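Peer 1: what follows is a protein structure lacking sequence information:
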Ligand code: SAH
């Protein structure tokens, strides 16, 4: 595995063919993962970019302001998850969504998804909800709350086909925060770097065992601009034991 550190693994800049406009870069990156976006979908991502840039002053949403960097590090990185989603209608929960990543680009690219975006910081969740409304996305909503608490709500626990998370916590912690949302037979997808995963996977064995997860695959992202990125796909084999997740803060403080 690669040793390169960093969270998103690219300096942005140009597309595969040297393109410098975000739309071409998105189209090329999507082609690399076998996805094609319609002009309407590309338009929605363009409006999302404008909202991110405008909202930056008001809420701390992202450190990126360059539309090309946003296209690569936020949109293409999120869209890479499409390759590990099963076909058909799905209910997806994105835990610690921040400004909507990866959940919102996934919703834009696959409008049939029902998406719940969970975010502990009320201001960020409110911004994401406004963005959903501005973009006119149906079947998506942002919810303020901590995963540790929301995973105990009957309408959320074990009710999702897929859970996702990016840049929220180490894998062992994420498993405890995310798997309780997943139905047995469903899956959890973590967006990581190769280097991050090398450090985190050996420490996640006990969490997998206790929670009932099994690593289905570790798949490098096939977008040339994102050489360090990797998707960890975990199948949930049985219902998560009732005692998990533990109280807010405990999963991060004392990882399984
Ligand atoms: N997924 C986004 C944001 C990453 S920052 C992205 O990749 O850009 C991590 C976010 O997770 C923060 O906004 C933080 O408020 C949220 N978060 C951290 N722990 C959480 C928890 N236990 N429940 C819900 N949200 C959480």
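Peer 2: Here it is on my side, so go on. Here the structure is a predicted model, which is why all the values come from computation and not from measurement.
Peer 1: count the neighbours of the nearest residue to residue 143 once chain neighbours are set aside for me.
Peer 2: With sequence-adjacent residues excluded and distances taken as C-beta to C-beta, 6 or more residues apart in numbering, residue 143 is closest to residue 118, at 5.4 Å. (Glycine included, C-beta is placed from N, CA and C.) Close neighbours of residue 118, defined as other C-beta atoms under 10 Å, add up to 28.
Peer 1: and residue 118, what element?
Peer 2: Using DSSP states H and E, residue 118 sits in strand 114-119.
Peer 1: next: residue 191.
Peer 2: Per DSSP H and E: strand 182-193 holds residue 191.
Peer 1: what's near enough to touch the residue nearest to residue 143?
Peer 2: Shown in contact with residue 118 (C-beta atoms under 8 Å, 6 or more residues apart in numbering): 93, 94, 95, 96, 97, 125, 142, 143, 145, 147, 150.
Peer 1: ok, the last one touching residue 160?
Peer 2: Translated: residue 150. No: here residue 150 lies out of contact with residue 160, judged by C-beta atoms under 8 Å, at a distance of 11.1 Å.
Peer 1: so which residues on the stretch 101-250 of the chain come close to the ligand?
Peer 2: Residues of the stretch 101-250 of the chain lying close to the ligand (C-beta under 6 Å from any ligand atom) are 101, 118-121, 124, 146-148, 166-168, 177.
Peer 1: how about the strands in this structure?
Peer 2: Using DSSP state E, the strands assigned to the chain run over residues 91-95, 114-119, 140-144, 160-166, 182-193, 213-220, 229-236.
Peer 1: what sits against the closest residue to residue 140 other than its chain neighbours?
Peer 2: Setting aside the residues directly before and after it, residue 140 is nearest to residue 115 in space (C-beta to C-beta, 6+ apart), at 4.3 Å. For residue 115, the contact set (C-beta under 8 Å, 6+ apart) comprises 91, 92, 93, 94, 103, 104, 106, 107, 139, 140, 141.
Peer 1: out of these, flag the one nearest to residue 186.
Peer 2: residue 91 (8.8 Å; C-beta to C-beta).
Peer 1: hmm, back to that, more crowded one of residue 150 and residue 160?
Peer 2: For the pair residue 150 and residue 160, the greater number of neighbours falls to residue 160 (26 against 22), based on other C-beta under 10 Å.
Peer 1: hmm, back to that, what touches both of residue 150 and residue 160?
Peer 2: Common neighbours of residue 150 and residue 160 (C-beta under 8 Å, 6+ apart) are residue 181.
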